[in-house]
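Undergrad: take a look and give me a structure for this.
(one chain, ligands or ions: 2)
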Amino acid sequence: MAKFTRRRLLATAAPLAATPALVKIASGEAQASEDHGRHLATHEGHSAHGHAAMIGADVPAVGGPNDLDALLLPPKPLPYQPGRVREYELRALDREVEIAPGVFFPAWTYNGTVPGPVIRATEGDVLRVHFTNAGSHPHTIHFHGIHPANMDGVFEIVDPGTSFTYEFEARPAGFHLYHCHATPLKKHIHKGLYGAFIIDPKQPRPPARELVMVMNGYDTDGDGENNFYTVNGRSFYYARYPIRVRRSELVRVYLANLTEFDLVNSLHLHADFFRYQPTGTGDHWEYTDTVVQCQGQRGVLEIQFANTGRFMFHAHQSEFAELGWMGFFEVVD
Ligand code: CU
Ligand code: CU
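TA: Numbers count the residues shown, from 1 in each chain. Ligands and ions are numbered 1, 2, ... in the order given. Coordinates of the predicted model:
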């Protein structure tokens, strides 16, 4: 059987007509590549829709306008209060997730979504995470941050049907991650066991419209290369449903890279510049329109848009953008 690499797929996809086909993908199926090629053709303007199809109702993205709110909009920050305990419940669940129309990925999830829920605490809180493994493989939760060795989610493997409670002081302030650390690590991460972990500084950040963006990829044909790229789990979702913000408001984006297989991912914003604080820690801010993150890197981005209108944001790796990692801000007065 001929092995179609992602790049060969791209090369052959262009002339195909745009017909988002419905097919259920088991890993390793060549069918996935063909249908995916048709989605691609839509976005490359080979359909009758042309560039208008890059935004709004014609964009083939899964679901309704508020489906991803729980991942995009983090819980509210709480002011520092000594001795407070923040509790979360996480369950590992095997779940098929629809990542593009008709394209199902057999994911391993925390609480049923890829990425998992946003965990938030204030520096100095006691974070208590009750983890139950209701999936079919052994898993853990490994948090980034400072904590004791036995809370690190590496050696305390949580077998299916068992539970573990992680408890530690949330520090340092910043934007962190959590992910499974069972082996093979690459597989456990790529299957979907990861999420965003915000630790607010004791001295709060200025009030803002806050958004979380977790960049990822999916290898749907099992060849060790991603076939789809997304923010918050669904290809082209924010092209189908642009993120509305006000010109006057401060917009803060918590941006993380949980892409497997590809060494880096990136975010590029059109027609404006933002401030970027790597890892959400320290005093260093960069002023730019493009940031690059290695696997596991993350940072905090702040912007007040200068103009109203539609502004694209996407991975600056053009290939990732064409495979789903593209969206829009709709800036209004
Ligand atoms: Cu795992
Ligand atoms: Cu990590």
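Undergrad: wait, isn't residue 54 in contact with residue 239?
TA: Yes - Residue 54 lies in contact with residue 239 (CB atoms under 8 Å); the separation is 6.1 Å. Every residue, glycine included, has its C-beta placed from N, CA and C.
Undergrad: touching both of the two, which residues are there?
TA: residue 326 (CB atoms under 8 Å, 6 or more residues apart in numbering).
Undergrad: more neighbours: which of those two?
TA: Neighbour tally, residue 54 and residue 239, criterion other CB atoms under 10 Å: the higher count belongs to residue 239, 25 against 19.
Undergrad: got a list of what that one touches?
TA: By CB under 8 Å, 6+ apart, the neighbours of residue 239 are 54-56, 59, 61, 326-328.
Undergrad: quick check, nearest of those residues to ligand 1?
TA: residue 61 (27.6 Å; CB to the ion).
Undergrad: what about the closest one, how many residues nearby?
TA: Residue 61: 20 surrounding residues under other CB under 10 Å.
Undergrad: same question, residue 184
TA: When counting by other CB under 10 Å, one arrives at 8 neighbours for residue 184.
Undergrad: just checking, residue 174 touches residue 199?
TA: Yes - if you go by CB under 8 Å, residue 174 and residue 199 touch, sitting 5.8 Å apart.
Undergrad: residues that sit against both of those two, list them.
TA: residue 145.
Undergrad: what about the two, which has more around it?
TA: Per other CB under 10 Å, whichever of residue 174 and residue 199 has more neighbours is residue 199, with 27 against 23.
Undergrad: contacts only, for the most centrally placed residue in the chain.
TA: The residue lying closest to the centre of the chain (CA atoms, centre = their mean) is residue 214, at 2.4 Å. For residue 214, the residues meeting the contact criterion (CB under 8 Å, 6+ apart) are 71, 115, 194-196, 231-233, 256, 258.
Undergrad: which of the contacts of residue 239 are close to ligand 1?
TA: Near ligand 1, judged by CB under 5 Å from the ion, there are no entries from those.
Undergrad: farthest pair within those residues?
TA: Taking CB to CB, the two most distant members of the contacts of residue 239 are 56 and 326; they sit 13.0 Å apart.
Undergrad: those two - which one has more neighbours?
TA: The neighbour count for residue 56 versus residue 326, taken as other CB under 10 Å, is higher for residue 326 (25 against 13).
Undergrad: now, the contacts of residue 214 that are in helices?
TA: residue 71 (DSSP state H).
Undergrad: could you dump the contacts of residue 214 to a markdown table with pLDDT and neighbour count?
TA: Below are those laid out as a markdown table (pLDDT from 0 to 100; neighbours: other CB atoms under 10 Å):
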| residue | pLDDT | neighbour count |
| --- | --- | --- |
| 71 | 98 | 23 |
| 115 | 98 | 28 |
| 194 | 98 | 26 |
| 195 | 98 | 25 |
| 196 | 98 | 25 |
| 231 | 98 | 31 |
| 232 | 98 | 23 |
| 233 | 98 | 25 |
| 256 | 98 | 26 |
| 258 | 98 | 25 |
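Undergrad: which one of the contacts of residue 214 sits closest to ligand 1?
TA: For the contacts of residue 214, the nearest to ligand 1 is residue 194 (9.8 Å; CB to the ion).
Undergrad: helices along the stretch 1-150 of the chain, start to end?
TA: Taking DSSP state H, counting those that start in this stretch as the criterion, the stretch 1-150 of the chain carries its helices at 6-13, 30-43, 69-72.
Undergrad: ok, the residue of the stretch 1-150 of the chain found nearest ligand 1 - contacts?
TA: The minimum distance from the stretch 1-150 of the chain to ligand 1, using CB to the ion, falls at residue 139 (3.4 Å). By CB under 8 Å, 6+ apart, the contact set of residue 139 is 92, 108, 133, 157-158, 180, 182, 188, 193.
Undergrad: dump stretch 298-308 to PDB, restricted to CA.
TA: Taking Å, rounded to 0.1, in the frame of the first residue of the first chain, the C-alpha atoms of stretch 298-308 are listed here in PDB:
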ATOM      1  CA  ARG A 298       3.600  29.000  26.500                       C
ATOM      2  CA  GLY A 299       3.200  32.700  27.200                       C
ATOM      3  CA  VAL A 300       0.900  35.600  27.800                       C
ATOM      4  CA  LEU A 301       0.000  38.000  25.000                       C
ATOM      5  CA  GLU A 302      -1.700  41.400  25.500                       C
ATOM      6  CA  ILE A 303      -3.200  43.700  23.000                       C
ATOM      7  CA  GLN A 304      -5.500  46.600  22.500                       C
ATOM      8  CA  PHE A 305      -6.500  46.600  18.900                       C
ATOM      9  CA  ALA A 306      -5.800  49.800  17.100                       C
ATOM     10  CA  ASN A 307      -8.500  49.300  14.400                       C
ATOM     11  CA  THR A 308     -11.900  47.800  14.000                       C
END
